[in-house]
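Student: For reference, the sequence and a predicted model appear below.
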Amino acid sequence: MARDARSEKIAVRSAVRARRLGRSAAERARRGAGLAEQLIGLVSAHGARSVTAYAPLTGEPDVNGFLRWAHETGVRVLLPVSLPGHRIAWAVDTGAHVEGLHGIPEPGGPRLETGAAAEVDLLIVPACAVDASGTRLGWGLGYYDRMLGSLDRRPPVYAVVDDEDVYASLPRDAHDVPVTGAVTASRVLRFAPDGER
């Protein structure tokens, strides 16, 4: 990766992290409610009965309202389990989380292989930022790019970000897997027709 692209990614990650951590609890709650509404609408529009999602870390867009709704309505949710080597396995979300690798909350139940993500109807993934072409910027460890790149079948992939984290353009490297769309507290964006990515 060119030095300029690396520097730009570092700058974007730093700005996003500062913005997210600087929000008040009331603002985070407001955004979380909007995000739940948008995610419920997306899942309902797709008729999805199984999805991937994530248990948010401090500062990440709060999807807990969506996770509660999914549990109450019988939508099967797979949450990531971090493995050594920057790999992801999955486990079914039962609502009870334990602290996993790097302090990341994860389900305590039986593990499923990385490829289990290919069997869901929608992939809902965390992100630092996205751009209008579907470039997803993560936090630099490559967990999700590795997972997405390894799937034989890739359901539509939606990155969860804040409205301010949607950029006109971000650097994209050869290993970066683009997403179908993004979900924010106020909207669902589609960058490519579902199934094309």
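Tutor: Cool, the structure landed.
Student: Mind jotting down where the helices sit in the protein?
Tutor: 3-21, 25-46, 64-73, 143-150 (DSSP state H).
Student: What ranges does this structure have for its strands?
Tutor: Along the chain, counting by DSSP state E, strands occupy 50-52, 76-83, 87-92, 97-99, 105-107, 122-126, 129-131, 136-137, 157-160, 166-167, 181-183, 188-190.
Student: So for D62, which of those sits nearest?
Tutor: D62 lies closest to strand 157-160 among the strands of the chain, at 9.4 Å (Cβ to Cβ). (C-beta placed from N, C-alpha, C; glycine too.)
Student: could you dump the closest one to CSV, C-alpha only?
Tutor: Provided in CSV are the C-alpha atoms of strand 157-160 (Å, rounded to 0.1, in the frame of the first residue of the first chain):
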residue,chain,number,x,y,z
VAL,A,157,-23.0,-7.3,3.1
TYR,A,158,-24.0,-4.1,5.0
ALA,A,159,-21.5,-2.1,7.0
VAL,A,160,-22.8,-0.3,10.1
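Student: hang on, the earlier thing: right, and the helices of the chain - which one's nearest G100?
Tutor: Closest among these, using Cβ to Cβ: helix 143-150, at 12.1 Å.
Student: now that closest one, how far from the centre of its chain.
Tutor: Distance of helix 143-150 from the chain centroid (Cα atoms, centre = their mean, to the nearest Å) equals 12 Å.
Student: What is it packed up against?
Tutor: Counting by 3 or more Cβ pairs under 8 Å, 6 or more residues apart in numbering; DSSP states H and E, the packing neighbours recorded for helix 143-150 are strand 76-83, strand 87-92, strand 122-126.
Student: partners of the shortest one in the sheet?
Tutor: Using DSSP bridges, strand 122-126 pairs in its sheet with strand 50-52 (parallel), strand 157-160 (parallel).
Student: same question, the first one
Tutor: Its sheet considered, strand 76-83 pairs with strand 50-52 (parallel), strand 87-92 (antiparallel) by DSSP bridges.
Student: hmm, back to that, export the strands of the chain to TSV and tack on distance to S7 and mean neighbour count?
Tutor: What follows is those, written out as TSV (distance: least, Cβ to Cβ, whole Å; neighbours: other Cβ atoms under 10 Å):
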stretch	distance to S7	mean neighbour count
strand 50-52	31	23
strand 76-83	27	21
strand 87-92	27	19
strand 97-99	33	12
strand 105-107	31	19
strand 122-126	23	23
strand 129-131	15	23
strand 136-137	13	24
strand 157-160	22	28
strand 166-167	15	17
strand 181-183	24	24
strand 188-190	26	15
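Student: averaging pLDDT over each of those, which comes out lowest?
Tutor: Lowest mean pLDDT within those: strand 97-99, a mean of 84.
Student: For A29, which of the strands of the chain is the nearest?
Tutor: strand 157-160 (16.1 Å).
Student: List the contacts of that closest one.
Tutor: 35, 39, 42, 54, 60-61, 63, 122-127, 130, 136, 148, 177, 179-184, 188, 197 (Cβ atoms under 8 Å, 6 or more residues apart in numbering).
Student: circling back to that earlier point, would you format the strands paired with strand 122-126 as CSV with distance to S24 included?
Tutor: Below are the strands paired with strand 122-126 laid out as CSV (distance: least, Cβ to Cβ, whole Å):
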stretch, distance to S24
strand 50-52, 29
strand 157-160, 20
